[in-house]
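Visitor: Got a predicted model here, sequence first, then my questions.
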Amino acid sequence: MKMAPSIHGMSYDLKIRIRYVVEDADRHGNVRLYFRKRGQRKVRLPGPIGSEQFWVAYQQAANGYVPLEKLTPQEIKAQSGGSFLWLCDEYYRSADFRQLHPRTQYVRRKILDRICKIGGDLPAKALDAKHVRKWRDDKADKPGGANNMIKALRQIYKFAIEYGYAETNPAMTVPYLFTKEGGFHAWSIEEVLQFEEKHPIGSKARLAFALLLYTGQRRSDIVRLGQQHVKDGWLRFTQEKNRARRPVTLELPIVPALQHILDASVIGATTFLVTEQGRPFSNNGFGNRFRTWCDEAGLLHCSAHGLRKAAASRLAELGCSELEIMAVTGHQTMKEVERYTKSARQKVLAGSAMAKLRAGHS
């Protein structure tokens, strides 16, 4: 960079020299900056010299980084295990990814594709905790989404380490953001009655509601349940979540209240719930339809998953143990159940404690 300062009325040229940085003029006479080092590809640098974007590009070039668009597919694969975008493509083709549930694949791919838009051309080995921490902090207003991003990065780098594409997992040292306890709102008795008043027995909305409330299952299971799962008054099915990796098979009795609604409802040939066209609901399609039914009942903050939580909470209030609740919901650890039943357990324990207190004063 040439400068023309003036000292005591005298002017002179000063040229700053930076190692490996050269100036080349094109055929039009335009001067361009390049990083050129023996054994490495020549990389163009943005100007002016000394600017923030110059130093970022210079540091990357000094570390052997070449922009993804400048590399051939063969070079991408050879470049320190490739770019993060390349790593994602390898991950999508792996058994680790293909064995995930289709819904999990869809969600994880969406997360990783968003990361590729901001850091896809970074060398996979160059991505470190500071990148992950910045991306997490950029989503601080949505801590759930930020934590899902960290989880996805932990999984892809677990795969990368196993296959020799990376030595460390940059997401493992980045903690999850704090999220408010509670998650999905658990329906109250008053909200249950409000929904039932709006949607009478015999309606599709009431059938969906009863299946959710009286089985405690996820919507992904509710949309698959049908007469073929019933034997001697019991439902027998394998939960959709983790079906390919850690399948959970449950047997649940059909309680009288649910049986009454089933008997009064029009059901499909292969699933209890069907669309207006007589076809089974998709998971997302059912979620949208149930959202509409809740809104029609004036329950804007209630959801299908909130009924699963309400079912678990009700079992806790009735004094059921964690193992008994797990036998209904299909949760695999007590920690998972405790997230659903913490407030209900508090109510039961407080009632028991105060009963003892009253007995002690009598």
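Guide: It's in.
Visitor: Please make it C-alpha for all contacts and neighbour counts, starting now.
Guide: Noted.
Visitor: mind checking how far stretch 289-309 is from the chain centre?
Guide: 22 Å (CA atoms, centre = their mean, to the nearest Å).
Visitor: Also stretch 263-273?
Guide: Computed by CA atoms, centre = their mean, the chain-centroid distance of stretch 263-273 equals 33 Å.
Visitor: Show me which helix runs longest in the protein.
Guide: helix 334-361 (DSSP state H).
Visitor: Buried residues of it, list them for me.
Guide: Neighbour-count burial for helix 334-361, with 16 or more other CA atoms under 10 Å as criterion, is recorded at V337, E338, Y340, T341, A344, R345.
Visitor: residues contacting the second one?
Guide: Okay, so that is E338. For E338, the contact set (CA atoms under 8 Å, 6 or more residues apart in numbering) comprises E322.
Visitor: Next, work out how far apart it and A327 are.
Guide: As judged by CA to CA, to the nearest Å, E338 and A327 stand 14 Å apart.
Visitor: hang on, the earlier thing: what mean pLDDT does the longest helix of the chain have?
Guide: For helix 334-361, mean pLDDT rounds to 74.
Visitor: now the residue nearest to the spatial centre of the chain: how far from K37?
Guide: The residue lying closest to the centre of the chain (CA atoms, centre = their mean) is N148, at 3.8 Å. Distance, N148 to K37, using CA to CA: 40 Å.
Visitor: Got the confidence number for the nearest residue to G226 once chain neighbours are set aside?
Guide: Nearest non-adjacent residue to G226, counting by CA to CA, 6 or more residues apart in numbering: T271, 3.9 Å away. On pLDDT, T271 comes in at 95.
Visitor: Which of the helices or strands spans T271?
Guide: Following DSSP states H and E, one finds T271 outside all helices and strands.
Visitor: Does it touch P280 like I think?
Guide: Yes: at 6.2 Å, T271 counts as touching P280 under the criterion of CA atoms under 8 Å.
Visitor: Report the distance from the longest helix of the chain to the chain centre.
Guide: Here helix 334-361 is found 32 Å from its chain centre; the criterion is CA atoms, centre = their mean.
Visitor: can you give me the helices for the stretch 1-150 of the chain?
Guide: Assigned by DSSP state H, counting those that start in this stretch, the stretch 1-150 of the chain shows helices spanning 52-62, 73-78, 84-93, 95-98, 102-119, 129-138, 143-162.
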